[in-house]
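Peer 1: Provide a 3D model corresponding to the input given below.
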Amino acid sequence: MEENKKFMSIVNEDGSVEKVEIILAFEFKDNKQEYVVYTKNEKDDNGNVTVYVSNVQYENDEPKLVGIDSDDEWGRIKDVLRELSKEE
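Peer 2: Below you'll find the predicted structure:
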């Protein structure tokens with residue numbers, strides 16, 4: 001199912017560019033915050049694929065991925081991911 005996969009390029013802090021696979025993009029309607037869940041297809045010691053979640057903010061119409069540091073925000077994101085995992 002490679003043809004259904006979506007990819008994006010991210011620029012790391014050191015300026016290097018990396019291609020990552022988008023798993024999910026969503027927005028909370030109440031605060032208009034956008035998020036993207038993506039993977040570099042890395043596996044941890046247990047064989048699970050590592051996923052990353054970032055807030056999407058725009059600077060001069062260019063998307064920028066920003067870390068999430070609010071516990072409330074993380075709680076809401078985890079709820080979304082739990083709901084999606086139930087649907088699969």
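
Peer 1: now L81. Nearest residue, chain neighbours left out?
Peer 2: Among residues not flanking L81 along the chain, V37 sits closest, at 7.2 Å (CB to CB, 6 or more residues apart in numbering). The way it works is simple: take the backbone N, C-alpha and C, and place the C-beta from them, glycine included.

Peer 1: what do you get for I23?
Peer 2: I23 sits nearest to V37 (CB to CB, 6+ apart), 4.5 Å away.

Peer 1: what about that neighbour, how many neighbours?
Peer 2: Neighbour count of V37, defined by other CB atoms under 10 Å: 18.

Peer 1: before we move on, what about N48?
Peer 2: 9.

Peer 1: part of a helix, is the residue nearest to L81?
Peer 2: No - looking at V37 with DSSP: H, G, I helix; E, B strand; the rest coil, it is strand, so not inside a helix.

Peer 1: pretty sure it is touching V49, no?
Peer 2: No - judged on CB atoms under 8 Å, V37 makes no contact with V49 at a distance of 11.4 Å.

Peer 1: quick check: which element contains V51?
Peer 2: strand 49-59 (DSSP states H and E).

Peer 1: all strands for the chain, in order.
Peer 2: 6-11, 17-28, 33-43, 49-59, 62-66 (DSSP state E).
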